[in-house]
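Participant: please find the sequence and the predicted model below.
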Amino acid sequence: QNRFNLCFEERDFVPGENHIANIQDAIWNSRKIVCLVSRHFLRDGWCLEAFSYAQGRCLSDLNSALIMVVVGSLSQYQLMKHQSIRGFVQKQQYLRWPEDLQDVGWFLHKLSQQILKKEKEKKKDSNIPLRTVATIS
């Protein structure tokens, strides 16, 4: 049983609509965004643009909706060459697609956990009264 609804450019983007608008709509209407970062991804300006929008959404919502999966033998250096990806890699964890087929089950379990993970509710400190503090120099 498929527990996820997926958005694919070829199937779900509105033909004739501005490509950036399609990307933004897809990102803002998703609970989670999974970016499969490959050599092709790093050479495609639209992919990097979509990654930047997804990262911006996470920053504005203060959540971890973006999940990055590195596919293929990309080195840390190759990832760090791209500014938006560098910022993500320095602050967030990401997954690597396993090279050994025996590890695919483990990988899919980890990916499912990341997708299904709920955001922790922020603690509200409503019991702490704020006071004005004056400084004398």
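Facilitator: Right, received. Where do you want to start?

Participant: flag every buried residue along stretch 15-33.
Facilitator: 22-27, 30, 33 (16 or more other C-beta atoms under 10 Å). Where you see a C-beta, it was placed from the backbone N, CA and C, and this is true even at glycine.

Participant: can you tell me the distance between the two ends of it?
Facilitator: 21 Å (C-alpha to C-alpha, to the nearest Å).

Participant: contact partners of that stretch?
Facilitator: For stretch 15-33, the external contacting residues (C-beta atoms under 8 Å, 6 or more residues apart in numbering) are 7, 9, 12-14, 46, 49-50, 53-54, 57, 65-67, 114-115.

Participant: narrow those to those that are buried.
Facilitator: Among those, those classed as buried by 16+ other C-beta under 10 Å are 13, 50, 53-54, 57, 65-67, 114.

Participant: list the residues that contact the residue positioned nearest the centre of the chain.
Facilitator: Nearest residue to the geometric centre of the chain (C-alpha atoms, centre = their mean): residue 66, 1.5 Å. Neighbour list for residue 66: 32-33, 35, 51, 54-55, 57-58, 88, 92 [criterion: C-beta under 8 Å, 6+ apart].

Participant: over to it: give its phi and psi.
Facilitator: Dihedral pair for residue 66: phi -90, psi 130, per degrees, to the nearest 10.

Participant: mind putting the contacts of residue 66 into JSON lines with distance to residue 18, pLDDT and secondary structure?
Facilitator: Shown next, in JSON lines, are the contacts of residue 66 (distance: C-beta to C-beta, whole Å; pLDDT from 0 to 100; DSSP: H, G, I helix; E, B strand; the rest coil):
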{"residue": "32", "distance to residue 18": "24", "pLDDT": "88", "secondary structure": "coil"}
{"residue": "33", "distance to residue 18": "19", "pLDDT": "89", "secondary structure": "strand"}
{"residue": "35", "distance to residue 18": "21", "pLDDT": "90", "secondary structure": "strand"}
{"residue": "51", "distance to residue 18": "18", "pLDDT": "91", "secondary structure": "helix"}
{"residue": "54", "distance to residue 18": "18", "pLDDT": "90", "secondary structure": "helix"}
{"residue": "55", "distance to residue 18": "20", "pLDDT": "89", "secondary structure": "helix"}
{"residue": "57", "distance to residue 18": "18", "pLDDT": "84", "secondary structure": "helix"}
{"residue": "58", "distance to residue 18": "23", "pLDDT": "82", "secondary structure": "helix"}
{"residue": "88", "distance to residue 18": "25", "pLDDT": "86", "secondary structure": "helix"}
{"residue": "92", "distance to residue 18": "29", "pLDDT": "84", "secondary structure": "coil"}
